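K.L.:
could you look at this predicted model? Sequence included:
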Amino acid sequence: MIYLVLTRDPTDPLTVGAVVGGSAIALACVVALLGVAVEERDAALARPRARRPLRFRAVRRGIEIGALVAALGLLRAVDGLSLITGGFVVAGFVLAELVLSASSTGARSG
């Protein structure tokens, strides 16, 4: 990504897409790694019995953050990012996370 920034024309659409995509992937990986580390630590400290770490949830959240950054970055690149469009994009991701978190708890009605 640094190579692209230093050697390519910043107005080239391919360069902008590669930088936005690379940034999104890098941030997704960092968030997923931090989430897995926190899950591992919390699982080891669970009382009264140890529980299995939920690695899939941490990786899913990393992917969600990467997709959110990519969506906002691409909207900004095409000059379509405003407070309203950004709010709708973020609200959609928040709603998706709420639905996925509620369905993964295993709570059943009835």
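P.N.:
Received the coordinates, thanks.

K.L.:
find me the pLDDT at the residue nearest the centre of the chain, would you?
P.N.:
Compute the mean C-alpha point of the chain, and by CA atoms, centre = their mean the closest residue is I65, 1.3 Å away. Per-residue confidence at I65 stands at 95 (pLDDT).

K.L.:
what strand or helix carries it?
P.N.:
When elements are assigned from DSSP states H and E, I65 belongs to helix 55-77.

K.L.:
what ranges do the helices span in the chain?
P.N.:
Using DSSP state H, the helices of the chain run over 2-7, 13-45, 55-77, 83-103.

K.L.:
ranking the ones you listed by burial, who's on top?
P.N.:
Of all these, helix 55-77 has the most neighbours on average by mean count of other CB atoms under 10 Å, namely a mean of 17. No exception for glycine: its C-beta is placed from N, CA and C like everyone else's.

K.L.:
coming back round to it: residues contacting the residue nearest to the centre of the chain?
P.N.:
Going by CB atoms under 8 Å, 6 or more residues apart in numbering, I65 touches L27, A28, V31.
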